[in-house]
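Enquirer: Next comes the sequence, and after it the predicted model I'd like to discuss.
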Amino acid sequence: MAKKAKQKPNPAHLRLDERFITEADKQKLLASELTEEKKADFLAGVTARAMSEPATRAASVIQEFQGDSLNINSVVDELRQQVAAVQGGNMQRPEAMLVAQAHTLDALFSYLARRSHRNSDAGFLDAAERYLRLALKAQAQAVRTIEALGELKNPRPVTFVRQANVAQNQQVVNGTASQAGDFGKPAEQTISEEAYELLPNTRTQSIESATYPAMEAVGTLHRAEVRNGEG
């Protein structure tokens, strides 16, 4: 009797492998005092942790739109690396995204504007107006995208000013505060008024984008799969 061919993993299924199961998780799963029911509950928690990760959520949406041509676990790896790069201060990818999106919106504006013109020439004024409205929306979004890119490249400085409390018997004249008979005394000698500038955060919090080695399955518990896009 011929052996049944091993079924290839579905790229649309999220596998609970070394990407999500830590060494501590493995040790707990192998613990002798852990019953099968508790193991199932533990794996359910691991699944919830994996599915709530931002990279996993984004990967499931991307994979849903792209179809089964993408492996969702590989997409998770790529997104984790991109998140780690941004958290480490590398903003090249977000800048590239905004530039590409601005060009896409500009192309969409041109396409919709041409459709509006053709419908107008054909006498379909209602359709022409609709296409023109959509074209102007795409144009507005392109402008907002470029503005966001400018803010990303050249952030605006933020200054916080502490408000000074001036008593009723004090006067503020030409930038100086004084009590009765204290005119001309520098303001810093009578009231405390300080300005604080919010400096760029020099602390970087990075997430290592590990290269995951092959991990042997731990019994049948590590063959659990989570299917995205169902329901």
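Expert: Structure's in. What do you need?

Enquirer: by contact count, what packs against whichever helix or strand residue 61 is part of?
Expert: Residue 61 is located in helix 54-66, with elements delineated by DSSP states H and E. Where contact means 3 or more Cβ pairs under 8 Å, 6 or more residues apart in numbering; DSSP states H and E, helix 54-66 is packed against strand 13-15, helix 36-51, helix 72-87. Yep, even glycine has a C-beta here, placed from its N, CA and C like the rest.

Enquirer: now with 7 Å?
Expert: Judged by 3 or more Cβ pairs under 7 Å, 6 or more residues apart in numbering; DSSP states H and E, helix 54-66 is in contact with helix 72-87.

Enquirer: Extract the CA atoms of the helix it packs on and return them as PDB.
Expert: Taking C-alpha atoms only, helix 72-87 is exported to PDB below (Å, rounded to 0.1, in the frame of the first residue of the first chain):
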ATOM      1  CA  ILE A  72       1.700  34.700   5.900                       C
ATOM      2  CA  ASN A  73       4.500  33.600   8.200                       C
ATOM      3  CA  SER A  74       7.100  35.100   5.900                       C
ATOM      4  CA  VAL A  75       5.100  38.300   5.800                       C
ATOM      5  CA  VAL A  76       5.100  38.400   9.600                       C
ATOM      6  CA  ASP A  77       8.900  38.100   9.500                       C
ATOM      7  CA  GLU A  78       9.300  41.000   7.000                       C
ATOM      8  CA  LEU A  79       6.900  43.200   9.000                       C
ATOM      9  CA  ARG A  80       8.800  42.500  12.200                       C
ATOM     10  CA  GLN A  81      12.000  43.600  10.600                       C
ATOM     11  CA  GLN A  82      10.400  46.800   9.300                       C
ATOM     12  CA  VAL A  83       9.000  47.600  12.700                       C
ATOM     13  CA  ALA A  84      12.300  47.000  14.300                       C
ATOM     14  CA  ALA A  85      14.000  49.300  11.800                       C
ATOM     15  CA  VAL A  86      11.600  52.200  12.500                       C
ATOM     16  CA  GLN A  87      11.900  51.700  16.300                       C
END
